[in-house]
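**Student:** need a 3D model of the sequence below.
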Amino acid sequence: MKKTIALALSVIALFGCAAGAGCKKKGSEEENKGKQETYEDKLYDGIDPVFKESMGYYNENPSVMQEGATRFLYYTRNEEKYNASTDSVAVRVGKYSGGKWNYSEAKKCVGVGAEGAWDSAHVFGADVVKGDFSYGGKRYSYLMAYSGSKEADKSEAQIGLAVAETPDGAWTKVGDKPLITFKSSDWDTMGLATYPGCIEPSLIRYGETGGKVYLFYEESENFKSNYVYELDLGDLDHIVKCGKNVLETTGVTDLGTSNPLLYGGDLVLDTESGELFAAREVRTMATSAPKVADGVQAYRAPVSVLDHIDQGVKTGEPTVWWQRVGGEINADTTAVLEDENKINGYMRIFSPCIVSDAYGRLPEYGKLEILFTSQACDGDERLSADIENAYAFTQMIHTYTITY
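**Tutor:** The predicted structure follows:
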């Protein structure tokens, strides 16, 4: 889309994912076995999806890396129709023609681990960066960070790694343990009831060569924080953790939220301006499932925010690091089909990413292309009554571009 518009896309919270437990077609496995799979249209109310996949498959957590004239769109999907226990991270390869990006069929990158593994129930929210990485005596050019959980509800998630020689794989998981660990017992004294854990990994390579990266992610629940980890992953058999800091978020605003963060944040670096750009979810007090956000915002900050040295603390005037980019577009609870730009119509929009180059950098200053996930809500009269939690399988991925 080529309309210049100020943007803040509101986005869905983390527990609205289609990958939640219990999302499957009614009836026994025996009853469903052998049934021929048919294509079912999803609910097209707003911006058209970047690719079409049948109802019964969720498409969420997009991450797009462009290398030359080719795009690689990584996202989370279920491998088996209407079965949310078959999580995988998939990739589609995109080529530009006819005024848009056209994507291939999905190819599996990583799936859930073996029984008892830290990622045995769910894998989701992947991000990929190019560099020079060795593992098990072999060289790889691409690194993936992804969240995984052994819990049916995706709680207590941790972050692991995988490597590949080419952007579309084959992918090899690194070791049998996560890189970033999470233990709910660390939070028990806070009285928290649920623990999403470590989620939303976002990678940026720094330096011109090697495997040094910044890993951004968020952690915990009511007392969430955004973190940035400086890592040397050139030798994945001997990982060097250079330092972990809380990422300053002053300047980020949410209506009714006292501690707004870069929820669902995806970050890219612009080397020319020396700025970080972030797309984030905007939270809402939703009453219908999924109880999540309905918008996305874009922000920018000087790259010096990574130094975590707030000179204003000494004077009692903390530095305002982040500034909004563009205006705001919100999801609308009523389909506005006559809207020629197809902006409104989806009950929930969430899980944003900014298109980056292979190193996690902004391809073109002055332009942010943001991909995000849409989803219907429980109770939509167009959804089949024969499918439990049918709303969870309505997800689609869309794109919108803003200029500044």
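
**Student:** secondary structure element for the most centrally placed residue in the chain?
**Tutor:** In the chain, the centroid-proximal residue (CA atoms, centre = their mean) is Asn61; its distance is 3.5 Å. Applying DSSP states H and E as the criterion places Asn61 in strand 60-67.

**Student:** who touches that strand?
**Tutor:** Taking contacts as CB atoms under 8 Å, 6 or more residues apart in numbering, the residues outside strand 60-67 that touch it are 17-19, 71-77, 124-130, 167, 266, 350-351, 353, 355-358, 363, 369, 371-373, 375, 395, 397. C-beta here means a position set from N, CA and C on the backbone, and glycine is covered the same way.

**Student:** apply 7 Å and report the result again.
**Tutor:** Under the criterion CB atoms under 7 Å, 6 or more residues apart in numbering, residues 17-18, 71-76, 124-128, 167, 351, 353, 355-358, 363, 371, 373, 395, 397 lie in contact with strand 60-67.

**Student:** how about stretch 263-276?
**Tutor:** 11, 13-14, 200, 202, 204, 216, 218, 226, 277-281, 283, 300-303, 305, 350-354, 356, 360-362, 365.

**Student:** let's see 6 Å
**Tutor:** Applying CB atoms under 6 Å, 6 or more residues apart in numbering, the set of residues contacting stretch 263-276 from outside is 11, 200, 202, 204, 216, 277-281, 300-303, 351, 353-354, 356, 360-362, 365.

**Student:** in ChimeraX, select just the buried ones from those.
**Tutor:** Here the buried members of those are turned into a ChimeraX selection, burial being counted by 16 or more other CB atoms under 10 Å:
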select :11,200,202,204,216,277,278,279,280,281,300,301,303,351,353,354,356,360,361,362
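
**Student:** what sits against the closest residue to Thr249 other than its chain neighbours?
**Tutor:** In space, and not counting its chain neighbours, Thr249 is closest to Leu261: 5.2 Å by CB to CB, 6 or more residues apart in numbering. Contacts here follow CB under 6 Å, 6+ apart; on that basis Leu261 touches 224, 226, 249.

**Student:** sitting in strands, which of the contacts of stretch 263-276 do you find?
**Tutor:** Of the positions in those, 200, 202, 204, 216, 277-281, 300-302, 351, 353-354, 356 sit in strands, assigned by DSSP state E.

**Student:** from the residues you listed, which shows the smallest pLDDT?
**Tutor:** Comparing pLDDT over the ones in strands among the contacts of stretch 263-276 singles out Glu281 as the least confident position, at 87.

**Student:** would you check how far apart it and Leu262 are?
**Tutor:** Glu281 sits 9 Å away from Leu262, taking CB to CB, to the nearest Å as the criterion.

**Student:** what does Pro302 give?
**Tutor:** Counting by CB to CB, the gap from Pro302 to Leu262 is 15 Å.

**Student:** show me where the protein has helices.
**Tutor:** Per DSSP state H, the chain has helices spanning 29-32. These are given in chain order.

**Student:** next, count neighbours for the closest residue in space to Ala390 that isn't next to it in sequence.
**Tutor:** The spatial neighbour of Ala390 that comes closest, neighbours along the chain excluded (CB to CB, 6+ apart), is Leu383 at 4.1 Å. For Leu383, the tally of surrounding residues (other CB atoms under 10 Å) stands at 18.

**Student:** bridging residues for Lys212?
**Tutor:** Partner residues in beta bridges with Lys212: Asp232, with DSSP bridges as the criterion.

**Student:** shouldn't it be in contact with Leu203?
**Tutor:** No. Between Lys212 and Leu203 there is no contact, the gap being 11.0 Å when judged by CB atoms under 6 Å.

**Student:** same drill for those two, tell me which one is more crowded.
**Tutor:** Here Lys212 and Leu203 are compared on neighbour count by other CB under 10 Å; more neighbours surround Leu203, at 28 against 19.

**Student:** OK, contacts around that one?
**Tutor:** Applying CB under 6 Å, 6+ apart to Leu203 gives the contacts 127, 129, 145, 213, 215, 360.
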